[in-house]
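Chemist: from the sequence below, what's the structure:
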Amino acid sequence: MVTRLTPTQFKEALAKEKGTLIDVRGASEVEAGYIEGATNYDITNGDFVKAMDSLDKTKTYYLYCRSGARSGRAADLLVQAGFENVFNVGGFEELEGAGFPVAY
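Modeler: Alright, predicted model coming up:
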């Protein structure tokens, strides 16, 4: 079961465990802006599934997309593969609106 965090909960979680932020949106979405420090692995073109093999199952991962649906699917894939510290932090606009810094 993947935990869905609100932006406030995400800020609190980051204060305790930095982790890796993964953006699972497509290239055109990322070009329009992404949360600073995020790594992009597009779930729709297979990049995310390919990248899973290189991820450390003992680390913490925070995933987001546009609305939280694709990041939820990606998070489920990680959990099914044996990852334990996986969180769906929702949508880009929600995070941006909560004050997370955006890069272009």
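Chemist: by residue count, tell me the biggest helix in the chain.
Modeler: helix 69-80 (DSSP state H).
Chemist: can you name the next helix or strand after it?
Modeler: Sequence order places strand 85-91 as the next helix or strand after helix 69-80, per DSSP states H and E.
Chemist: pLDDT of that next one, averaged?
Modeler: For strand 85-91, mean pLDDT rounds to 98.
Chemist: who touches it?
Modeler: For strand 85-91, the surrounding residues in contact (CB atoms under 8 Å, 6 or more residues apart in numbering) are 2-7, 10, 13, 17, 19, 21, 58-68, 71-72, 75, 78-79, 95. From N, CA and C alone the C-beta is placed, and that goes for glycine too.
Chemist: beta partners of Phe87?
Modeler: Thr3, Tyr62 (DSSP bridges).
Chemist: now for it, how many residues are close by?
Modeler: Phe87 has 23 neighbours, counted by other CB atoms under 10 Å.
Chemist: how about Asp53?
Modeler: By other CB under 10 Å, the residues close to Asp53 number 7.
Chemist: from the contacts of strand 85-91, list just the buried residues.
Modeler: Buried subset of the contacts of strand 85-91 (neighbour count, 16 or more other CB atoms under 10 Å): 2, 5, 7, 10, 13, 19, 21, 60-66, 68, 71-72, 75, 78, 95.
Chemist: how about the strands in this structure?
Modeler: Counting by DSSP state E, one finds strands in the chain at the ranges 3-4, 20-23, 34-35, 39-40, 60-65, 85-91, 102-103.
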